[in-house]
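In: dropping a prediction and its sequence here:
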Amino acid sequence: MLLILFTIIIVTLITYIYIKPLIDNLFYSVPYEPKYIHSYLPIFGFTFEVIKNPIEFIRSLYLKYGKTFVIRFASKRFVYLYDEQSYLTKVAKSDNFTFFDAFIAEVFIKDLNVNPQCLLNEEYQNVQMKYFHHYLTGDELNTLNKRGYDSLIESMKLDANILADNNNKIVNFFDLFGEFMLFSATESLFGHSFAIEQRNTTPSFYKLFQALNQAHMLGIYGIPFRSIIYKTLFQQRNEFLQRFSSFRLNSGESKLIHAIEELLRSDEYKHLFRQHDINALHVSLLWLGMTFTAPMSCWAVVDLFLHPEALAAVKEELNENISSSSFIYDKEVLTKLKILDSCINETIRRVFQAVSVREAVKNTTIECLDKTKEDHSKVTRSIFYLPNICQSVRQAKC
């Protein structure tokens, strides 16, 4: 009996290995598609390899298959492109491609139960984009920088007092700095009083944000039955959203949030936005500002600690350019910090989040400079262009 069962399993496995590439090519392939690298893991594809060590995994594929290839992860198929000039001339400036908005919007709409019209209303999107361009530049941006700086200093002083009274002096640096960054971003956008309220409320605002981030990652990676398997995690995420119900205008919030809040509650749009939708949009803005900035900032600090000569050069540069009458967030000072800028760019170059992603809005064929054609389907294709990883790959290959 066991022998028969074992034989059935072996035959089924061999059949699956043989048939799966044929099924993939039958249902998903498009003309001129780059080399599609098969994964025999259903639904997930190479998701776990990408999560575990993205740079090394993509580098290994680059060395084996060249500058263009296709893999499946996060329940979608992705085209990886290492042709800088083709990307700049045929993708970045083309109206046939957009940012990865559709993928993120899908996560927010499905997982956060946001009214689709809130994110898909074209008129609202245009107004919101105008607000971003107006309130995230010039003097308004300088004001946000100052608020963020002041909040970081306040958090460091508060934490120093806590550690002084605590026998345990060991902390997780990424959690510590991540919490600093969260309150810095919260205070910059939503005001000091709202940030203080969240700092003094239990459970921890940062712990709830971590739950939100983990829930979003599960959605992006396409984990099935996630709301059931990770029920507690999703409950904590919903509690984080509910925190924003207490936010009120005229509490020191940024002009960007003030303008968006008034827009959402105006007679023109209030029929579209429930309180839950407004909370979700505020949370999404905070999350998008935090999810890449915080870890990259942490890695920049870690890299400086690991390279004492670079740290010494940055300290010297700061001492030379910051006086008693100036601050690091001043535009005039920031333009002079060339060494610090170079160190940050070096960190960004090696971090997985430093990618440029585009999604085809219609069926598109790209003819690269070497005459290689790539056809991208609107439904199944997105482009990952990773110039920074590509650079490190070339160095490793040399």
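Out: Received the coordinates, thanks.
In: OK, contacts around Q117?
Out: Taking C-beta atoms under 8 Å, 6 or more residues apart in numbering as the contact definition, Q117 lies against L272. The C-beta positions use only the backbone N, C-alpha and C, and glycine is treated the same way.
In: element containing it, please.
Out: Mapping Q117 onto the secondary structure by DSSP states H and E places it in helix 116-120.
In: swap in R237?
Out: With secondary structure defined by DSSP H and E, R237 is part of helix 231-243.
In: following that helix, which helix or strand comes up?
Out: Counting by DSSP H and E, the element after helix 231-243 in chain order, helix or strand, is helix 255-264.
In: so what secondary structure elements neighbour that following helix?
Out: Counting by 3 or more C-beta pairs under 8 Å, 6 or more residues apart in numbering; DSSP states H and E, the packing neighbours recorded for helix 255-264 are helix 122-135, helix 173-190, helix 275-290.
In: which residues touch the longest one?
Out: Okay, so that is helix 173-190. In contact with helix 173-190 (C-beta under 8 Å, 6+ apart) are residues 144, 147-152, 155-156, 159, 194-195, 198-199, 205-206, 209, 247, 251, 253-254, 256-257, 282, 285-286, 289-290, 293-295, 297-298, 301-302.
In: what's the least confident stretch among the helices and strands packed on helix 255-264?
Out: Confidence, taken as mean pLDDT, is least for helix 122-135 of the helices and strands packed on helix 255-264 (a mean of 86).
In: mind listing what's buried along it?
Out: Residues of helix 122-135 classed as buried under the neighbour-count rule (16 or more other C-beta atoms under 10 Å) are 124, 128, 131, 135.
In: just the closest of the residues you listed to S86, please.
Out: Q128 (31.5 Å; C-beta to C-beta).
In: looks like that closest one contacts I260 (just checking).
Out: Yes. With contact defined as C-beta atoms under 8 Å, Q128 counts as touching I260 (6.7 Å).
In: rewinding a little: what residues of the helix holding Q117 count as buried?
Out: Residues of helix 116-120 classed as buried: 118-119 (neighbour count, 16+ other C-beta under 10 Å).
In: pull that helix out as CSV, backbone CA atoms only.
Out: Coordinates of each C-alpha in helix 116-120 appear next as CSV, following Å, rounded to 0.1, in the frame of the first residue of the first chain:
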residue,chain,number,x,y,z
PRO,A,116,-12.6,52.3,-4.3
GLN,A,117,-13.9,55.7,-5.5
CYS,A,118,-11.8,57.4,-2.9
LEU,A,119,-8.6,56.2,-4.7
LEU,A,120,-9.9,56.0,-8.2
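In: what pLDDT, on average, does it get?
Out: With pLDDT averaged residue by residue, helix 116-120 scores 77.
In: likewise stretch 146-160?
Out: On average, the pLDDT along stretch 146-160 is 88.
In: got a list of contacts for that stretch?
Out: For stretch 146-160, the surrounding residues in contact (C-beta under 8 Å, 6+ apart) are 176, 179-181, 183-185, 187-188, 195, 254, 327-329.
In: do a quick rundown of the strands in this protein.
Out: Applying DSSP state E to the chain gives strands spanning 35-36, 68-73, 76-81, 97-98, 356-360, 364-367, 373-376, 381-385.
In: lowest average pLDDT across those?
Out: Across the strands of the chain, the lowest-scoring stretch is strand 381-385, with a mean of 42.
In: farthest-apart pair in the contacts of stretch 146-160, please.
Out: Between any two of those (C-beta to C-beta), the greatest distance is 25.0 Å, for L176 and S254.
In: looking at these two, which one has more neighbours?
Out: S254 (19 against 16; other C-beta atoms under 10 Å).
In: for the more buried one, what are phi and psi?
Out: The main-chain torsion angles of S254 are listed as degrees, to the nearest 10 and equal phi -70, psi 160.
In: residues contacting it?
Out: Residues near S254 by C-beta under 8 Å, 6+ apart: 135, 140, 143-144, 147, 188-191.
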